[in-house]
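Engineer: what follows is a protein structure lacking sequence information:
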């Protein structure tokens, strides 16, 4: 939080909760180009490194009595495997590695973003849009490879009255192509909103009169953000499973 002089010569509290989402170069203050290492690049790399440390290094020496890291890795593995199997069926299990990778990356990116002074990469639509578009293209390709032209039956609701089927087909096509937009905005919007609210409460912590209430609010919001970080990773992943199910079994 900073202070600035107002028109009457007094000082006013100013804070900019959205400043934490600005993309900045790691070295210098120049313009950001596609090849420029930025704070986003750094924290994306840290998130990937955390996934590797848990799933590769943490399970390298597998034991009957698992270590703490092995227990967490096995718990995550079983949780996602059951989700994929329950939602998509046995046919979808072969795509488990891809879905597991998505979940682990998002959950670590969300949790790493809760570290003070860190950058929440999943708050940027550029990051979540790439993830969502990857899912969209993957399930579309899988749908046509597995079913051929039969994949188009996803948009034709045969159980509806014949007169309504063309209208419903148009609605289904529109909703299908909106999927990557809603898929990406949901994750980015939730992560950005929570961090912005925490920043607002943190700004008021410097005001002595309301400092205790501000600290309590920050603590409550931080606890909520921990929960939201996991829930949003779960929601993104389970929606991926639902889309995959539609690609594998498009018939209504």
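Structural biologist: Sure thing, it's come through. All figures in this text were calculated on a predicted structure; none of them were measured in a lab.

Engineer: quick one: contacts for residue 196?
Structural biologist: Contacts here follow Cβ atoms under 8 Å, 6 or more residues apart in numbering; on that basis residue 196 touches 17, 18, 20. Placement of C-beta: from N, CA and C, glycine included.

Engineer: can you give me the strands in this structure?
Structural biologist: Under the criterion DSSP state E, strands of the chain are mapped to 2-5, 11-14.

Engineer: between these, which has the poorest mean confidence score?
Structural biologist: Of all these, the minimum mean pLDDT falls on strand 2-5 (a mean of 48).

Engineer: any weak-confidence spans in the chain?
Structural biologist: Low-confidence segments of the chain (pLDDT under 70): 1-15, 208, 252.

Engineer: just send the contacts of residue 196 back as a markdown table, with neighbour count and distance to residue 190 too.
Structural biologist: Shown next, in a markdown table, are the contacts of residue 196 (neighbours: other Cβ atoms under 10 Å; distance: Cβ to Cβ, whole Å):
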| residue | neighbour count | distance to residue 190 |
| --- | --- | --- |
| 17 | 16 | 15 |
| 18 | 11 | 15 |
| 20 | 18 | 15 |
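
Engineer: of those, closest to residue 47?
Structural biologist: Set against residue 47, the nearest of the contacts of residue 196 by Cβ to Cβ is residue 20 (16.6 Å).

Engineer: for the closest one, give its distance to residue 126.
Structural biologist: Distance, residue 20 to residue 126, by Cβ to Cβ, to the nearest Å: 16 Å.

Engineer: same thing with residue 72?
Structural biologist: For residue 72, the distance to residue 126 (Cβ to Cβ) stands at 29 Å.

Engineer: from residue 193, how far off is residue 225?
Structural biologist: With Cβ to Cβ as the criterion, residue 225 and residue 193 are 10 Å apart.

Engineer: the two: which is more packed in?
Structural biologist: Neighbour count, other Cβ atoms under 10 Å: between residue 225 and residue 193, residue 225 has more, with 23 against 13.

Engineer: now that one: closest residue in space that isn't a chain neighbour?
Structural biologist: Sequence neighbours aside, residue 194 is the residue nearest to residue 225 in space, at 4.6 Å (criterion: Cβ to Cβ, 6 or more residues apart in numbering).

Engineer: which residues in the stretch 1-150 of the chain form helices?
Structural biologist: Assigned by DSSP state H, counting those that start in this stretch, the helices in the stretch 1-150 of the chain fall at 39-52, 68-88, 96-112, 125-147.

Engineer: figure out which of these is closest to residue 211.
Structural biologist: Among these, the nearest to residue 211 by Cβ to Cβ is helix 96-112 (27.3 Å).

Engineer: which phi and psi values does residue 28 adopt?
Structural biologist: phi 80, psi -170 (degrees, to the nearest 10).

Engineer: distance of it relative to residue 37?
Structural biologist: Taken as Cβ to Cβ, the span from residue 28 to residue 37 is 10 Å.

Engineer: settle it for me: which of the two has more neighbours?
Structural biologist: Counted by other Cβ under 10 Å, residue 28 and residue 37 do not tie: residue 37 has more neighbours, with 12 against 8.

Engineer: you'd agree residue 200 is up against residue 16?
Structural biologist: No: the pair residue 200 / residue 16 is not scored as a contact, 10.1 Å apart, by Cβ atoms under 8 Å.

Engineer: give me the more crowded residue out of the two.
Structural biologist: Taking neighbours as other Cβ under 10 Å, residue 200 and residue 16 compare with residue 200 leading, 16 against 12.
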